[in-house]
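Undergrad: Model the following, please.
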Amino acid sequence: MWLLPGRAALNQDVVRVGIIANPASGKDIRRLVGHATVVDNQGKVAIIRRVLIGLRALGVERALIMPDTYHLGERAIDGLSYADQEAPALELVDMPVTGEPEDSEHAARLMAERGVRVVVVLGGDGTVRMVSKGAGNIPLLPLSTGTNNVLPTFVEGTVAGMAAAAVALHGIDAVRVSIRHKWLELLVNGASVDGALVDMATLAGRFVGARAVWNAGDLRQVMVTRADPASIGISAIAGALHPVDPEEPLGVALQLSPQARRRVLAAIGPGILAEVGVVSASRLALGEAVAVVPERPILLAMDGERAVALHEGEDAAVRLRDDGPWLLDPGLVMREVVARGLLDRSPKDDAR
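TA: So this is what the prediction gives:
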């Protein structure tokens, strides 16, 4: 266990906020080929510092953070101690560090076991997906530091910390200030094996290899939980045809081919526009399953990253569900904070 030097160790049971920051987010090939801004690890350290300041402002005395290869948590707290700014004691989750995406899932699961009530996530859609697999029903507050940022919120870290503290410590009902996100369940030979929060796609290939998907010509199918033409990533293809809001009990399923006569233009990554051939597009109802194309071998990408290879003898389908993770809306949280007077620092005897 690692604690901020000079702070007394508190009872382990009082840890109510976790932080998971992915040092690899926002650095894949899509950023390089698209001339996109990269959120480097020093930038993530600065965001963590601001989250910690916000947490402490509303009473959080201790927080958990995932260890990582860049030591983001240690660097963040060191900078605050040098500046003599008050921050929560920060404890590293006791876990091995592999540098793989599964670290985020493992950390979230351990945080859940410790009774954490909110997890702040720094990353993109892929990171949020991995965290949600371990966090269960713990509300997540995703902050945008990835490549595809459909799920993460563009909110200042200080405000995010205050919002997380308000839900974790001050009795704000997470259900009232969250959306329960839809998800896509992958079924292989009838068994549930994985899932995606925004989009799942089939694409040509036999090995996962490089995870990032940036060549639209490889895509054969796309299934999405939400579709916004103003977003980027694979889901933007569906957004160019059938926009669907996160709250709607619907998804979209597409069949694609480079030879199709119907074509749409979509921003499939930062600075990456693709003209995509669409064979068919249809609404996807909750509980409805779409068969994966019979071509084998074939790859499945989840939330913009190759994840699963299907081989001969493996029949697969993708089903839309509505019992995914709870994602906090920091704007709704902060309005509730104001309504409860948590920002009012007037003297106790002030008649107002």
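
Undergrad: Please make it C-alpha for all contacts and neighbour counts, starting now.
TA: OK.

Undergrad: For burial, what's the neighbour tally of residue 345?
TA: Residues within reach of residue 345, counting by other Cα atoms under 10 Å, total 7.

Undergrad: Now it. Its backbone dihedrals?
TA: When read as degrees, to the nearest 10, the backbone of residue 345 gives phi -110, psi 30.

Undergrad: Residue 343 now?
TA: Dihedral pair for residue 343: phi -100, psi 0, per degrees, to the nearest 10.

Undergrad: Now it. Nearest residue, chain neighbours left out?
TA: In space, residue 343 comes closest to residue 337 once its chain neighbours are excluded; the distance is 7.0 Å by Cα to Cα, 6 or more residues apart in numbering.

Undergrad: neighbours around residue 100, how many?
TA: Neighbour count for residue 100, taken as other Cα under 10 Å: 11.

Undergrad: how close does it get to residue 151?
TA: Separation of residue 100 from residue 151 (Cα to Cα, to the nearest Å) stands at 21 Å.

Undergrad: For the stretch 51-200 of the chain, just list every one of the strands.
TA: Under the criterion DSSP state E, counting those that start in this stretch, strands of the stretch 51-200 of the chain are mapped to 62-65, 89-92, 118-123, 140-144, 178-180, 183-188, 191-196, 199-204.

Undergrad: With mean pLDDT added, can I get these in JSON lines?
TA: JSON lines is the format used below for those (pLDDT from 0 to 100):
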{"stretch": "strand 62-65", "mean pLDDT": "97"}
{"stretch": "strand 89-92", "mean pLDDT": "94"}
{"stretch": "strand 118-123", "mean pLDDT": "97"}
{"stretch": "strand 140-144", "mean pLDDT": "96"}
{"stretch": "strand 178-180", "mean pLDDT": "97"}
{"stretch": "strand 183-188", "mean pLDDT": "98"}
{"stretch": "strand 191-196", "mean pLDDT": "97"}
{"stretch": "strand 199-204", "mean pLDDT": "94"}
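
Undergrad: which stretch among those comes nearest residue 219?
TA: Closest to residue 219 of the strands of the stretch 51-200 of the chain, according to Cα to Cα: strand 199-204, at 4.4 Å.

Undergrad: Next SSE downstream of the closest one?
TA: Per DSSP states H and E, the first helix or strand lying C-terminal to strand 199-204 is strand 219-224.

Undergrad: Spatially central residue for the chain, please.
TA: residue 128 (2.1 Å; Cα atoms, centre = their mean).

Undergrad: Touching, that one and residue 108? I think so.
TA: No: Residue 128 is not in contact with residue 108 according to Cα atoms under 8 Å; the separation is 10.4 Å.

Undergrad: Tell me, how many residues neighbour residue 79?
TA: 14.

Undergrad: whoops, I mixed them up, residue 268
TA: Neighbours of residue 268 (other Cα under 10 Å): 25.

Undergrad: so is the closest residue to it other than its chain neighbours in a helix, a strand, or just coil?
TA: Nearest residue to residue 268 in three dimensions, chain neighbours excluded: residue 233, at 4.0 Å (Cα to Cα, 6+ apart). Three-state call for residue 233 (DSSP: H, G, I helix; E, B strand; the rest coil): coil.

Undergrad: burial of residue 233, as a residue count?
TA: Residue crowding around residue 233 was assessed by other Cα under 10 Å; the count is 27.

Undergrad: Check the gap between it and residue 266 for me.
TA: The spacing between residue 233 and residue 266, counted by Cα to Cα, is 8 Å.

Undergrad: go on, residue 94?
TA: Counting by Cα to Cα, the separation of residue 94 from residue 266 is 42 Å.

Undergrad: Those two: who's more crowded?
TA: More crowded of residue 94 and residue 266, by other Cα under 10 Å: residue 266, with 25 against 15.

Undergrad: Using a markdown table, lay out the strands of the stretch 51-200 of the chain together with distance to residue 300 and mean neighbour count.
TA: What follows is the strands of the stretch 51-200 of the chain, written out as a markdown table (distance: least, Cα to Cα, whole Å; neighbours: other Cα atoms under 10 Å):
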| stretch | distance to residue 300 | mean neighbour count |
| --- | --- | --- |
| strand 62-65 | 31 | 25 |
| strand 89-92 | 33 | 22 |
| strand 118-123 | 21 | 27 |
| strand 140-144 | 24 | 26 |
| strand 178-180 | 24 | 18 |
| strand 183-188 | 9 | 23 |
| strand 191-196 | 10 | 18 |
| strand 199-204 | 5 | 25 |
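
Undergrad: mind checking which of those is nearest residue 214?
TA: Nearest to residue 214, of all the strands of the stretch 51-200 of the chain, is strand 199-204, at 11.1 Å by Cα to Cα.

Undergrad: average pLDDT for the longest strand belonging to the chain?
TA: Using DSSP state E, we find that the single longest strand of the chain is strand 272-285. The pLDDT scores in strand 272-285 average 97.

Undergrad: again with stretch 243-252
TA: Averaging pLDDT along stretch 243-252 yields 97.

Undergrad: Flag every buried residue along that stretch.
TA: Buried residues in stretch 243-252, counting neighbours by 16 or more other Cα atoms under 10 Å, are found at 243-244, 246, 249-252.

Undergrad: neighbouring contacts of it?
TA: 179, 181-182, 223-229, 238, 242, 281-286, 320, 322 (Cα atoms under 8 Å, 6 or more residues apart in numbering).

Undergrad: now residue 88: how far from residue 264?
TA: Distance of residue 88 to residue 264, computed by Cα to Cα: 49 Å.

Undergrad: Have a look at these two and say which one is more surrounded.
TA: The neighbour count for residue 88 versus residue 264, taken as other Cα under 10 Å, is higher for residue 88 (21 against 15).
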